[in-house]
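Q: curious how this folds, go ahead:
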Amino acid sequence: MLWTMIRKEWVRNLLELRFMVCALLCIFLAIVSVVVLRADLAAKRVDFNTNREIYRQQAEEYGSYRDLDRLGVRVDRPPQNFQVLFFGMEKTLDRTASISGDFMPGFEGDLNTNPMVLMFPVADLLFVVGVVLSLLAFFISYDAVSGERESGTLKLLMSYSVPRDTVILAKWVGGYMSLALPFLVALMISALIISLSADIPFTGDDWEAFALSGVVSLMLIGVMFSIGLLVSVRASHSSTAILSLLALWVLLALVLPNAGPYIAEIVAPVPDVGEVERSIAEKTKGLNDQYRAQWRGRGRRSMRNMSDAERQDFRKKMMVARDELQAGINKATEEIISDFERQLRWQVDIARNLSRLSPVAAYVYANTDIGETGVRHEQQLVNGLRRYQREFARYVEEKTAASGGGGGFWGGSADEDYSIDDMPVFTSRQESLEGRLAARTTDVLLLGVFAILFFMIAFVSFLRTDIT
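A: Down below sits the predicted model:
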């Protein structure tokens, strides 16, 4: 009896015009999204490799290790394979980091905004599932019970002594299978496009993450269908159900995910980039003033009456003092930026927890971090830049010492043995899939809890509802 009713619900949904139109739209958007983002990712890879060579050539032209330390090298954000599916943090403009010995590195724009604001929405697979399929789930489920109650079909069905739990379970399974079909078709076509693209080298871990993201997407579909079924059970008319679900869709898919970051800005404000830069400038000015007061009048003019040995000793003292000044500036800058980032992380956590009230937001957080295109990967990338800066600083320090001073105190002279053939190159570390999943366990569990909770409420409500 149960499977007969499931098949009936499934076939009925598949033959409805609203389902066909929405399902075809979903598949079409998914295919177009993957094709367009594949081309975009390929272009980014070309630009990344080209720019890396350009930046290295620029560093080769400096001629001295002190200039290399002062001017530094530039590093582009490495493209991620999963950007073909989940655009994530890449909604920002192309960003480049500068690595030198003078300040903490970070991609341009990192201090400008709470990164959670950048997460919603764009026409990628997240958009297709979180917006289009969630709306389709409501279109399929709004009259699953209320429509049959209005037409009298439900009363006729119950006259055959069919258990109510069988009816509601069949409606959920049949409706869910209907929704899963277009998504699985879109997912398989996307996998085919990716596998045929030589410029998207998916590894075994990438394919496992791809499958896992598909499971998470199916969980969101189950949540949204359960919500739709619950409203259909509780509504007395199908028109009331569809209007209620449209309002819920706006709230869950659009309002809550986007409102969380802005509410967090009010609850836990952080200083803007201008204020941070002013703090750094004031601290730097204070240290520079101390340096000038100590060495005022002791520059080149005071060296005229010195012997060669005294000049050499004087230069060494000034170089030590300047290095101490730069170290003090670096330390002060690091303290200011670290304090800002601590406040920003707190704001991000508040924004994430608030927006998790929406299953769509939990879905976005889970899949972007599984695909390494989300906020977690952004933070790891910046931490990787800072590890690379320390490695770069050690390299320059060793080369400067080996060259006997690195271009002189006043600058302008080149190192005869200047070469950066062995200079370290920035590489982005890929986190294991287990680590990514562990970080997003809360969001995945939330989706499971939402799906079970809303279905159980719908189940109990149907057992107690008046079918007349």
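Q: going by C-alpha atoms from here, please, whenever you check contacts or count neighbours.
A: OK.
Q: and residue 361, what is it in contact with?
A: 253, 256-257, 355 (CA atoms under 8 Å, 6 or more residues apart in numbering).
Q: now the longest helix that the chain contains: how far from the chain's centre is it?
A: The longest helix of the chain (DSSP state H) is helix 308-355. Mean C-alpha position of helix 308-355 versus that of the full chain (CA atoms, centre = their mean, to the nearest Å) differs by 27 Å.
Q: immediately after that helix, which helix or strand?
A: Note on helix 308-355: by DSSP states H and E, the next helix or strand toward the C-terminus is helix 359-370.
Q: and residue 312, how many neighbours does it have?
A: 12 (other CA atoms under 10 Å).
Q: hang on, I meant residue 70
A: With other CA under 10 Å as criterion, residue 70 counts 12.
Q: residue contacts, residue 209?
A: 370-371, 433.
Q: most neighbours of all these, which one?
A: Result: residue 370 is most packed of these (other CA under 10 Å), 31 neighbours.
Q: do I have it right that that residue meets residue 436?
A: Yes: proximity of residue 370 to residue 436 meets the contact threshold set by CA atoms under 8 Å, at 5.4 Å.
Q: what are the ranges of the strands in the stretch 1-150 of the chain?
A: 73-76, 96-99 (DSSP state E, counting those that start in this stretch).
Q: off-centre distance for the last one?
A: It stands for strand 96-99. 20 Å.
Q: hey, C-alpha coordinates of it in PDB?
A: Taking C-alpha atoms only, strand 96-99 is exported to PDB below (Å, rounded to 0.1, in the frame of the first residue of the first chain):
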ATOM      1  CA  THR A  96      46.400  40.500  -4.700                       C
ATOM      2  CA  ALA A  97      48.500  40.500  -1.600                       C
ATOM      3  CA  SER A  98      51.900  42.200  -1.100                       C
ATOM      4  CA  ILE A  99      54.600  40.200   0.800                       C
END
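Q: partners of that strand, with directions?
A: Next to strand 96-99 in the sheet, as set by DSSP bridges, lie strand 73-76 (antiparallel).
Q: send the alpha carbons of the partner strand over as CSV?
A: Only the C-alpha atoms of strand 73-76 are listed here, as CSV (Å, rounded to 0.1, in the frame of the first residue of the first chain):
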residue,chain,number,x,y,z
VAL,A,73,56.7,40.4,-4.0
ARG,A,74,53.1,40.2,-4.9
VAL,A,75,50.9,37.1,-4.6
ASP,A,76,47.5,36.4,-6.3
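Q: show me the contact partners of that strand.
A: Against strand 73-76 from outside (CA under 8 Å, 6+ apart): 48, 51-52, 55-56, 58-59, 95-100, 426.
Q: from those residues, list just the buried residues.
A: Buried members of the contacts of strand 73-76, scored by 16 or more other CA atoms under 10 Å, are 48, 52, 56, 59, 96-100, 426.
Q: any chance of the contacts of residue 361 in CSV, plus neighbour count and distance to residue 174?
A: Formatted as CSV, the contacts of residue 361 follow (neighbours: other CA atoms under 10 Å; distance: CA to CA, whole Å):
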residue, neighbour count, distance to residue 174
253, 22, 24
256, 19, 29
257, 28, 29
355, 24, 30
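Q: distance of residue 420 from residue 68?
A: 10 Å (CA to CA, to the nearest Å).
Q: give me the common contacts of the two.
A: residue 59.
Q: neighbour-wise, which of these two wins?
A: residue 68 (24 against 17).
Q: now for the more buried one: which residues touch it?
A: 59, 62, 100, 396 are the contacts of residue 68 under CA under 8 Å, 6+ apart.
Q: try residue 193
A: 34-35.
Q: where does it land on pLDDT?
A: Looking at residue 193, its pLDDT stands at 92.
Q: cool, residue 27 as well?
A: For residue 27, pLDDT reads 90.
Q: likewise for residue 108?
A: 53.
Q: for residue 154, see how far away residue 233 is.
A: Distance from residue 233 to residue 154, by CA to CA: 11 Å.
Q: joint contacts of these two?
A: Common contacts of residue 233 and residue 154, defined by CA under 8 Å, 6+ apart, comprise residue 145.
Q: looking at those two, which is more packed in?
A: residue 233 (31 against 18).
Q: surely that one and residue 462 touch.
A: Yes: assessed by CA under 8 Å, residue 233 is found in contact with residue 462 at 6.0 Å.
Q: hang on, the earlier thing: in TSV: the contacts of strand 73-76, plus distance to residue 17.
A: Shown next, in TSV, are the contacts of strand 73-76 (distance: CA to CA, whole Å):
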residue	distance to residue 17
48	46
51	50
52	52
55	56
56	58
58	60
59	62
95	45
96	49
97	51
98	55
99	57
100	61
426	53
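Q: which one of these is nearest to residue 286?
A: residue 100 (21.9 Å; CA to CA).
Q: surely the closest one touches residue 72?
A: Yes: if you go by CA under 8 Å, residue 100 and residue 72 touch, sitting 4.1 Å apart.
Q: what residue ranges in this structure score low on pLDDT?
A: 90-94, 101-122, 295-305, 404-415, 468 (pLDDT under 70).
Q: which residue is nearest the middle of it?
A: In the chain, the residue lying closest to the centroid (CA atoms, centre = their mean) is residue 374, at 1.6 Å.
Q: so which residues of the stretch 201-350 of the chain form helices?
A: 204-234, 238-249, 256-267, 273-295, 308-355 (DSSP state H, counting those that start in this stretch).
Q: quick one, the last one and helix 256-267 angle?
A: Same thing as helix 308-355. 120 degrees (axes from the mean of the first three to the mean of the last three CA atoms, to 10 degrees).
Q: same for helix 308-355, what does it pack against?
A: Counting contacts by 3 or more CA pairs under 8 Å, 6 or more residues apart in numbering; DSSP states H and E, helix 308-355 packs against helix 256-267, helix 273-295.
Q: quick check: angle from the first one to helix 359-370?
A: The one in question is helix 256-267. Using the same axes, to 10 degrees: helix 256-267 against helix 359-370 is 90 degrees.
Q: helix 256-267: how far from the chain's middle?
A: 17 Å.
Q: again with stretch 224-237
A: Per CA atoms, centre = their mean, the displacement of stretch 224-237 from the mean C-alpha position of its chain is 32 Å.
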